[in-house]
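Kindly generate the corresponding structure for this input.
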Amino acid sequence: MAYDPDNIFAKILRKEIPSECVFEDDTTYAFMDIMPRADGHLLIIPKTPARNTLDATPDQLTDVMLTVQRLSHAVMAAFNADGVTLQQFNEAAGGQEVFHLHFHVLPRHAGVPLGPSGQMGDMDTISANATKIRAALG
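Coordinates of the predicted model:
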């Protein structure tokens, strides 16, 4: 399937839709999920087109995973988390809803389940959580 340049993450990269950025480098962009399943839930995407891991280049995968690792350390520090859950979905049958490669990074605390999916978060809380993550990045 062809990459759709009008997907929501492509629009975020073009600044057509606002996002709460926590980290950006030459190849990746990390921003807060507006439907968080945990405090500090964020998304990491490549800046170049890729539908998912099935068509991403090795360089895209490397760049994204390096950012995933860096941000995983940051969210653990920012939220005093016990661990991190990474989620990544491929194709509709695999649960993918936005067809631009992305990883979910969710800080986790022992015994605390993830919140429900598909519920809008409070934007003030999301913004405050982004500030915590940016501070943890240094």
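
For residue 122, report the pLDDT, please.
Note on residue 122: pLDDT of 97.

Tell me the secondary structure at the residue minimising distance to the centre of the chain.
In the chain, the C-alpha nearest the mean C-alpha coordinate belongs to residue 43, at 0.6 Å (Cα atoms, centre = their mean). Using DSSP: H, G, I helix; E, B strand; the rest coil, the three-state assignment for residue 43 comes out as strand.

Would you map the helices across the protein?
Assigned by DSSP state H, the helices in the chain fall at 8-13, 58-78, 123-137.

what does the longest one contact?
Read it as helix 58-78. Under the contact criterion Cβ atoms under 8 Å, 6 or more residues apart in numbering, helix 58-78 has outside partners 22-23, 25, 27-28, 30, 40, 42, 44-46, 48, 50, 53, 56, 81, 83-84, 86, 101, 103, 105-107, 129, 132-133, 135-137. C-beta here means a position set from N, CA and C on the backbone, and glycine is covered the same way.

Any stretches of the chain with poor pLDDT?
Along the chain, no part satisfies pLDDT under 70.

ok, and the closest non-adjacent residue to residue 110?
residue 82 (4.7 Å; Cβ to Cβ, 6 or more residues apart in numbering).

scratch that, residue 85
Closest to residue 85 by Cβ to Cβ, 6+ apart is residue 106, at 4.4 Å.

So the one you found sits against residue 37, correct?
Yes: counting by Cβ atoms under 8 Å, residue 37 is a contact partner of residue 106 at 6.0 Å.

Now list whatever residues contact both of the two.
By Cβ under 8 Å, 6+ apart, the residues touching both residue 106 and residue 37 are residue 114.

more neighbours, these two?
A count of neighbours by other Cβ atoms under 10 Å puts residue 106 above the other of residue 106 and residue 37, at 23 against 18.

Export the helices of the chain as CSV, with columns for mean neighbour count and distance to residue 115.
Listed next are the helices of the chain as CSV, based on neighbours: other Cβ atoms under 10 Å; distance: least, Cβ to Cβ, whole Å:
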stretch, mean neighbour count, distance to residue 115
helix 8-13, 18, 21
helix 58-78, 18, 15
helix 123-137, 16, 12
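
Throw the ones you listed into JSON lines and include distance to residue 95, thanks.
JSON lines is the format used below for those (distance: least, Cβ to Cβ, whole Å):
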{"stretch": "helix 8-13", "distance to residue 95": "16"}
{"stretch": "helix 58-78", "distance to residue 95": "18"}
{"stretch": "helix 123-137", "distance to residue 95": "22"}
